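1. pasting the sequence and the predicted model now:
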Amino acid sequence: MKGTLSILGISLLLCTTSQAGWRWDKDAYEGAKSGVEQRVTSPSYCYDAGFEFSGYLSGIWPEDNRLNEAMGGGVAISYFFGHNFGLEGSYHLHGSGTAGGSDIQVGKFNAVYRLPLGGECCSTIAPYFFGGPGVVAAGSSEMLWNLGGGLDIRFESWGCIGLFSDFSYNWVDQGQPDFTLFRAGFRVPF
């Protein structure tokens with residue numbers, strides 16, 4: 001019992017004297033840097049205000065057989081007022097999917113809201129949402145409303161050229177069926 005108490009007492013004495021230096025040199029104790037360093041990164045300049053040109057391949061999937069599923073492509077021009085909010089005008093041309101059918105043309109004017117993720121790993125990734133009016137023409141022209149979302153990835157080393165992919169659901173007023181539109185392509189800010 002005396003041996004155990006002796007070892008315990010010596011251990012307590014050694015521990016308290018080894019920690020005593022921290023109390024005496026208060027500047028060394030409080031001025032010590034943390035082992036974890038936090039770096040704050042700014043959002044990528046790829047999502048600054050300005051114009052963007054987009055070219056893409058697209059596909060259209062109608063809700064019924066008044067239109068046929070078709071592949072095509074299109075172009076868009078956008079203007080962003082800052083990192084988040086912008087306006088986009090787009091034109092799509094799709095084949096009819098049949099030998100005698102007419103091409104499907106879609107024009108849209110959308111408000112776009114993007115959310116650049118920020119941070120060191122994700123500063124060039126931005127999910128976005130959009131919606132607005134438009135026109136679809138396939139034999140006859142009809143007004144449409146659309147709502148959708150997508151993902152935009154930019155490459156700073158390529159001058160902020162990016163790749164994107166999105167989808168939208170389009171509600172057509174009368175003669176044409178509602179349809180889903182998928183786009184995938186490139187974006188060039190200028």
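-> On my side now, so go ahead.

2. CA atoms for contacts and neighbours, from now on please.
-> Will do.

3. looking at this protein, which helix or strand is least sure?
-> Across the helices and strands of the chain, the lowest-confidence element by mean pLDDT, DSSP states H and E is helix 26-30, at a mean of 55.

4. tell me the helix or strand right after that helix.
-> Downstream of helix 26-30, the next assigned helix or strand under DSSP states H and E is strand 50-62.

5. tell me how far that next one is from the chain's mean position?
-> How far strand 50-62 lies from its chain's middle: 15 Å, per C-alpha atoms, centre = their mean, to the nearest Å.

6. tell me the buried residues in that strand?
-> 51-62 (16 or more other C-alpha atoms under 10 Å).

7. okay if I get those residues as TSV plus pLDDT?
-> Putting those into TSV (pLDDT from 0 to 100) gives the following:
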residue	pLDDT
F51	96
E52	95
F53	97
S54	96
G55	97
Y56	97
L57	96
S58	94
G59	91
I60	89
W61	88
P62	86
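
8. hmm, D103 is touching G72, no?
-> No. With contact defined as C-alpha atoms under 8 Å, D103 does not reach G72; the gap is 9.7 Å.

9. so for those two, which residues contact both of them?
-> Shared contacts of D103 and G72, defined by C-alpha atoms under 8 Å, 6 or more residues apart in numbering, comprise 93-95.

10. whichever of these end up buried, select them in ChimeraX.
-> Entered in ChimeraX, the line below selects the buried ones among the shared contacts of D103 and G72, by 16+ other C-alpha under 10 Å:
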select :93,94,95
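
11. and V188, how many neighbours?
-> 18 (other C-alpha atoms under 10 Å).

12. what do you get for F80?
-> Counted with other C-alpha under 10 Å, the neighbours of F80 add up to 21.

13. residues contacting it?
-> Contacts of F80 by C-alpha under 8 Å, 6+ apart are 48-51, 86-87.

14. okay, those in JSON lines with distance to P127 next?
-> Output for these, formatted as JSON lines (distance: C-alpha to C-alpha, whole Å):
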{"residue": "D48", "distance to P127": "15"}
{"residue": "A49", "distance to P127": "17"}
{"residue": "G50", "distance to P127": "18"}
{"residue": "F51", "distance to P127": "18"}
{"residue": "G86", "distance to P127": "14"}
{"residue": "L87", "distance to P127": "16"}
